[in-house]
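In: have a look; sequence and predicted model below, questions after that.
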Amino acid sequence: LQVDAETLHFRERQGLYQHDISDANDSSFEDGHAFAGVPVMSTEGFTPSAQAGAERARTIQARIAFPSDADFEAMVRTNAINNLPISASDVLSARRIYGPD
């Protein structure tokens with residue numbers, strides 16, 4: 001990761017990436033704070049109906065313990081869960097709007 005012409009080194013531990021900000025030689029975090037960026041949602045190009053469907057899809061995905069987007073899309077497409085008020089295109093729209101889950 002580049003920060004103001006410096007390179008930050010991360011190590012992976014149990015599936016999470018970490019950077020030690022206590023390094024005295026690292027001037028990137030002089031006050032001891034680090035902030036992670038959050039992807040910005042982009043609803044541009046989506047109708048209000050498509051946005052509502054994407055939001056419903058993410059809500060349902062959360063309620064069923066966050067299966068991967070691919071697994072969730074397959075569940076919706078094959079009607080593995082009856083009477084869902086969403087379509088596979090709503091799942092795809094959710095991924096495009098909110099990013100992968």
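Out: Arrived safely. Numbering: from 1, shown residues only.
In: mind listing the helices for this structure?
Out: Assigned helices in the chain, in chain order: 48-63, 69-77, 88-98 (criterion: DSSP state H).
In: so which of the ones you listed is the most packed in?
Out: When those are scored by mean count of other Cβ atoms under 10 Å, the highest mean neighbour count falls to helix 88-98 (a mean of 20). Glycine gets a C-beta too; all of them are placed from N, C-alpha and C.
In: relative to helix 69-77, how tilted is that one?
Out: Angle of helix 88-98 versus helix 69-77, following axes from the mean of the first three to the mean of the last three Cα atoms, to 10 degrees, is 150 degrees.
In: that older thread, make TSV from the helices of the chain and add mean pLDDT and distance to residue 9 to it.
Out: Listed next are these as TSV, based on pLDDT from 0 to 100; distance: least, Cβ to Cβ, whole Å:
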stretch	mean pLDDT	distance to residue 9
helix 48-63	96	33
helix 69-77	96	30
helix 88-98	94	29
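In: closest to residue 41 out of those?
Out: For these, proximity to residue 41 was assessed by Cβ to Cβ; helix 88-98 is nearest, at 5.6 Å.
In: now for the closest one, which elements pack on it?
Out: helix 48-63, helix 69-77 (3 or more Cβ pairs under 8 Å, 6 or more residues apart in numbering; DSSP states H and E).
In: looking at these, which is nearest to residue 99?
Out: Of all the helices and strands packed on helix 88-98, helix 69-77 comes closest under Cβ to Cβ, at 9.6 Å.
In: please name every helix or strand in contact with that closest one.
Out: Using 3+ Cβ pairs under 8 Å, 6+ apart: helix 69-77 touches helix 48-63, helix 88-98.
In: so what does the first one touch, helix or strand wise?
Out: In other words, helix 48-63. The contact analysis (3+ Cβ pairs under 8 Å, 6+ apart) places helix 48-63 against helix 69-77, helix 88-98.
In: and the shortest one, how far out from the chain's middle?
Out: Per Cα atoms, centre = their mean, to the nearest Å, the displacement of helix 69-77 from the mean C-alpha position of its chain is 16 Å.
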